[in-house]
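K.L.:
Give me a 3D structure for the following:
(chains A and B)
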Number of protein chains: 2
Amino acid sequence: MSNLVLTTFDWVPPPPRGFVRDLRIRWALEEAGLPYRVASVPFQNRGADHFAHQPFGQVPWLTDGDITVFESGAILLHLGELSARLMPTDPKGRAVVQEWVFAALASVEAASQPWSFFQFMDDAGETPMRKFFDDFLYKHRLPQMEKVLAGREWLAGAFSIADILMADVLRLVDRFGGLADYPACTAYVARATARTAFKKAYADQMAHFAAGDAAR
Amino acid sequence: MSNLVLTTFDWVPPPPRGFVRDLRIRWALEEAGLPYRVASVPFQNRGADHFAHQPFGQVPWLTDGDITVFESGAILLHLGELSARLMPTDPKGRAVVQEWVFAALASVEAASQPWSFFQFMDDAGETPMRKFFDDFLYKHRLPQMEKVLAGREWLAGAFSIADILMADVLRLVDRFGGLADYPACTAYVARATARTAFKKAYADQMAHFAAGDAAR
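P.N.:
This is a model prediction of the structure:
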């Protein structure tokens, strides 16, 4: 019997709501049907105890008995060990899930996150660096993901933690219109976010931060 | 008995030599004392077989019998399962290693890689985005790593795959002078790169690409 506690902020401003990374963990927990509760730390005035759990002062982290884990990728691997609905148990199946877990973060998000920062900043300008990061995403990551996703429903056979990460990464690209030329990527995000577990996780995050509004 | 084959490029131009990511894998294999051989794929004219192993047309990938894994993080986790010199076997110890594996890539390299692109580009200019990425690294990642590394020799108790990734990520920052104000980070990189296994891996990568020069 697990004793899982997911910690996130008590409140965030409206723009990131629906995209705070505790959503990845909520989604996995809902997919697996694992019981859990959600705890909060202050968004403002982050204390020493917060940094002791998450050295960059971010969220989420997960506690499981006497184990505490930060980084959404590491938390998802930990949950993957708890449920075959999240990660297969055979070595070959695990290897495929794990390579796509890292690809979502270290290859695709490595390009999409800096690209998204340019979308957020009104004064970013049409600089050579903007073109560089556009090319990084539009030439070196999305065309390749489009080919991969045109040929399969989920990255590693069955739905897994790799899809939670990749769909969440691509969802932020989609928010800024970046998937317009990539129908297979768009369909993949739609397929992933149509899942009951995603919808529950999303609604729960939105309700959590709305409750934070009420408490201020 | 493992049958490990590490695939990298047959040649790369001089600037990235010593920093191509097969080095992370060579380093881990040397630390663990695992037998392996190195295979090459063309740097130019990357073929369909290359993309079948690495969907973004990059390197490295590892084959272990009938398992093939791309992404340096995923390969290191795979090797971590093969040797306690790379990752402990108890759940709590593994969780600590895994969170730092992801922190190296998804938190520190997520900031240092775009920062490094600005260092590479002579025409990057002093734009708001350059300041944004400078702040991302110098305010939100390195001061936090400095505190962590001031208090410990290695990230997860004993040396592990987390140190291979974090030291390799910080090593590229150091190359551009970015660690000047961070003595604990600098000492950590020096400590990691003084290891016999790193020196062997580095020398082997340099020799591999030098042999590629000779074959052209």
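
K.L.:
just the helices in chain A please.
P.N.:
A:22-32, A:48-53, A:72-80, A:91-102, A:110-120, A:128-140, A:142-150, A:161-175, A:183-193, A:196-215 (DSSP state H).

K.L.:
Pick the most buried one from the ones you listed.
P.N.:
Among these, helix A:72-80 has the highest mean neighbour count (mean count of other Cβ atoms under 10 Å in any protein chain shown), at a mean of 26. All C-beta atoms are positioned from the backbone trio N, CA, C, and that covers glycine.

K.L.:
Would that one count as contacting chain B?
P.N.:
Yes. Helix A:72-80 is in contact with chain B by Cβ under 8 Å from any Cβ of the partner chain, via A:72-74, A:77-78.

K.L.:
just to revisit the earlier point, quick check: which of the helices of chain A is nearest to B:Leu165?
P.N.:
For B:Leu165, the closest of the helices of chain A is helix A:91-102, at 10.6 Å, according to Cβ to Cβ.

K.L.:
what's the domain layout of chain A?
P.N.:
A:4-85+A:197-215, A:91-195 (automatic domain parsing).

K.L.:
What's the end-to-end length of the shortest one?
P.N.:
By that I understand domain A:4-85+A:197-215. Its start and end residues considered, domain A:4-85+A:197-215 measures 25 Å (Cα to Cα, to the nearest Å).

K.L.:
can you tell me the average pLDDT over it?
P.N.:
Mean pLDDT, domain A:4-85+A:197-215: 97.

K.L.:
can you give me how far it is from the chain middle?
P.N.:
11 Å (Cα atoms, centre = their mean, to the nearest Å).

K.L.:
How much space separates the nearest residue to A:Asp213 once chain neighbours are set aside from B:His140?
P.N.:
In space, and not counting its chain neighbours, A:Asp213 is closest to A:Trp11: 6.8 Å by Cβ to Cβ, 6 or more residues apart in numbering or on different chains. From A:Trp11 across to B:His140, the span is 20 Å (Cβ to Cβ, to the nearest Å).

K.L.:
now swap in A:Pro114 and tell me
P.N.:
Taken as Cβ to Cβ, the span from A:Pro114 to B:His140 is 14 Å.

K.L.:
again with A:Thr196
P.N.:
To B:His140, A:Thr196 is 35 Å away according to Cβ to Cβ.

K.L.:
just checking, A:Cys209 touches A:Phe19?
P.N.:
Small correction: residue A:209 is Phe, not Cys. No. The criterion here is Cβ atoms under 8 Å, and A:Phe209 misses it with A:Phe19 at 11.0 Å.

K.L.:
Now do the contacts for the residue lying closest to A:Tyr202 once chain neighbours are set aside.
P.N.:
Excluding its sequence neighbours, the residue lying closest to A:Tyr202 (Cβ to Cβ, 6+ apart) is A:Gly18, at 6.0 Å. By Cβ atoms under 8 Å, 6 or more residues apart in numbering or on different chains, A:Gly18 lies in contact with A:202, A:205-206.

K.L.:
The same query, at a cut-off of 10 Å, please.
P.N.:
Under the criterion of Cβ atoms under 10 Å, 6 or more residues apart in numbering or on different chains, the neighbours of A:Gly18 are A:171, A:175, A:201-203, A:205-206, A:209.

K.L.:
which among the residues you listed gets closest to A:Met129?
P.N.:
Set against A:Met129, the nearest of these by Cβ to Cβ is A:Arg175 (21.6 Å).

K.L.:
Dihedrals phi and psi, the closest residue to that closest one other than its chain neighbours?
P.N.:
Counting by Cβ to Cβ, 6+ apart, A:Arg175 lies nearest to A:Phe19, which is 7.6 Å off, once chain neighbours are set aside. Backbone geometry at A:Phe19, expressed as degrees, to the nearest 10, gives phi -130, psi 0.

K.L.:
Ok, A:Val59 next?
P.N.:
phi -130, psi 160.

K.L.:
mind listing what the closest residue to it other than its chain neighbours touches?
P.N.:
Among residues not flanking A:Val59 along the chain, A:Thr8 sits closest, at 4.6 Å (Cβ to Cβ, 6+ apart). Residues in contact with A:Thr8 (Cβ under 10 Å, 6+ apart) are A:20-23, A:25-26, A:38-41, A:43, A:58-61, A:205, A:208-209, A:212.

K.L.:
Mind doing that once more with 7 Å?
P.N.:
Shown in contact with A:Thr8 (Cβ atoms under 7 Å, 6 or more residues apart in numbering or on different chains): A:20, A:22, A:38, A:40, A:59-60, A:208.

K.L.:
isn't the residue nearest to A:Asp213 right up against A:His208?
P.N.:
No. Between A:Trp11 and A:His208 there is no contact under Cβ atoms under 7 Å: 8.8 Å.

K.L.:
Excluding chain neighbours, what is closest to A:Arg85?
P.N.:
Looking at A:Arg85 with Cβ to Cβ, 6+ apart, the closest residue is A:Ala32, at 5.0 Å.

K.L.:
pretty sure that neighbour is in contact with A:Glu81, am I right?
P.N.:
No. If you go by Cβ under 7 Å, A:Ala32 and A:Glu81 don't touch, sitting 10.8 Å apart.

K.L.:
Could you list the contact residues of chain A toward chain B?
P.N.:
Residues of chain A lying close to chain B by Cβ under 7 Å from any Cβ of the partner chain are A:55-56, A:66-67, A:69-71, A:73-74, A:77-78, A:91-92, A:95, A:98-99, A:102-103, A:105-107, A:110, A:113-114, A:117-118, A:121, A:123-125, A:127-129, A:132, A:140-141, A:144, A:148.

K.L.:
Contacts for stretch A:161-172, please.
P.N.:
A:19, A:23-24, A:27-28, A:73, A:76, A:79-80, A:86-87, A:97, A:100-101, A:104-105, A:108-109, A:112, A:116, A:154-156, A:179, A:185, A:188-189, A:192-193.

K.L.:
so what's A:Gln119 up against?
P.N.:
Neighbour list for A:Gln119: A:Phe176 [criterion: Cβ under 7 Å, 6+ apart].

K.L.:
any idea how far it is from A:Leu172?
P.N.:
For A:Gln119, the distance to A:Leu172 - Cβ to Cβ - is 9 Å.

K.L.:
do the same with A:His78
P.N.:
Applying Cβ to Cβ to A:His78 and A:Leu172 gives a distance of 23 Å.

K.L.:
would TSV of the domains of chain A with distance to B:Asp163 be doable?
P.N.:
Shown next, in TSV, are the domains of chain A (distance: least, Cβ to Cβ, whole Å):
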stretch	distance to B:Asp163
domain A:4-85+A:197-215	15
domain A:91-195	17
